[in-house]
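Asker: Provided below are the primary sequence and the corresponding predicted coordinates.
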Amino acid sequence: QVQLVESGGGLVQAGGSLRLSCAASGRTSSSYAMGWFRQAPGKEREFVAGISRNGVSTSYADSVKGRFTISRDNAKNTVYLQMNSLKPEDTALYYCAARFYFGNIVFTSVAAFDSWGQGTQVTVSS
């Protein structure tokens, strides 16, 4: 199992930027496909962005394409989510997720991931 800790959330005005980080410990994070999800009050958890084990392949939800960028630094066991041009509808609790996988594909469903962090709150004011 891998332990995940998110950081970098906060309160920002619409149009602003934040960078979330997800630090992994335990098994080496380079053995995991990683993803970011978010959950707003009263809504289901939804996919935001995913990245393959080697960092070559990425995928994004349509709602964040062109604004968010996922990346990873396997030497630091850390995955990032750079969020630009934030909108009030981006307000949610953001979760980092990991799935142990030897191949290099991107997973996008909640059910595909077996390790989750506790989440970091992102609030975008209008």
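Answerer: Okay, I see it. Numbering: from 1, shown residues only.
Asker: Only C-alpha atoms from now on, for both contacts and neighbour counts.
Answerer: Fine.
Asker: could I get stretch 43-54 in PDB with only the CA atoms?
Answerer: The C-alpha trace of stretch 43-54 is given here as PDB (Å, rounded to 0.1, in the frame of the first residue of the first chain):
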ATOM      1  CA  LYS A  43     -22.200  15.600  -5.400                       C
ATOM      2  CA  GLU A  44     -20.400  12.400  -6.300                       C
ATOM      3  CA  ARG A  45     -16.600  12.200  -6.500                       C
ATOM      4  CA  GLU A  46     -15.500  13.000 -10.000                       C
ATOM      5  CA  PHE A  47     -12.400  12.500 -12.100                       C
ATOM      6  CA  VAL A  48     -10.200  15.600 -12.700                       C
ATOM      7  CA  ALA A  49      -6.900  14.400 -14.200                       C
ATOM      8  CA  GLY A  50      -4.800  11.200 -14.400                       C
ATOM      9  CA  ILE A  51      -1.200  10.400 -15.300                       C
ATOM     10  CA  SER A  52       0.500   7.100 -16.200                       C
ATOM     11  CA  ARG A  53       3.200   5.500 -14.200                       C
ATOM     12  CA  ASN A  54       6.000   6.900 -16.300                       C
END
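Asker: what residue ranges in this structure score low on pLDDT?
Answerer: Within the chain, the segments meeting pLDDT under 70 span 27, 29.
Asker: most centrally placed residue in it?
Answerer: Centrality entry for the chain: nearest residue to the mean C-alpha point is residue 36, 2.2 Å, by C-alpha atoms, centre = their mean.
Asker: by contact count, what packs against the helix or strand encompassing it?
Answerer: In the assignment (DSSP states H and E), residue 36 maps to strand 32-39. Where contact means 3 or more C-alpha pairs under 8 Å, 6 or more residues apart in numbering; DSSP states H and E, strand 32-39 is packed against strand 46-51, strand 92-100.
Asker: give me that answer again for 10 Å
Answerer: Other elements packing on strand 32-39 under the criterion 3 or more C-alpha pairs under 10 Å, 6 or more residues apart in numbering; DSSP states H and E are strand 18-26, strand 46-51, strand 58-60, strand 68-73, strand 78-83, strand 92-100, strand 115-116, strand 120-125.
Asker: Let me know whether residue 73 touches residue 55 as I believe.
Answerer: Yes. The pair residue 73 and residue 55 qualifies as a contact (C-alpha atoms under 10 Å) at a distance of 8.3 Å.
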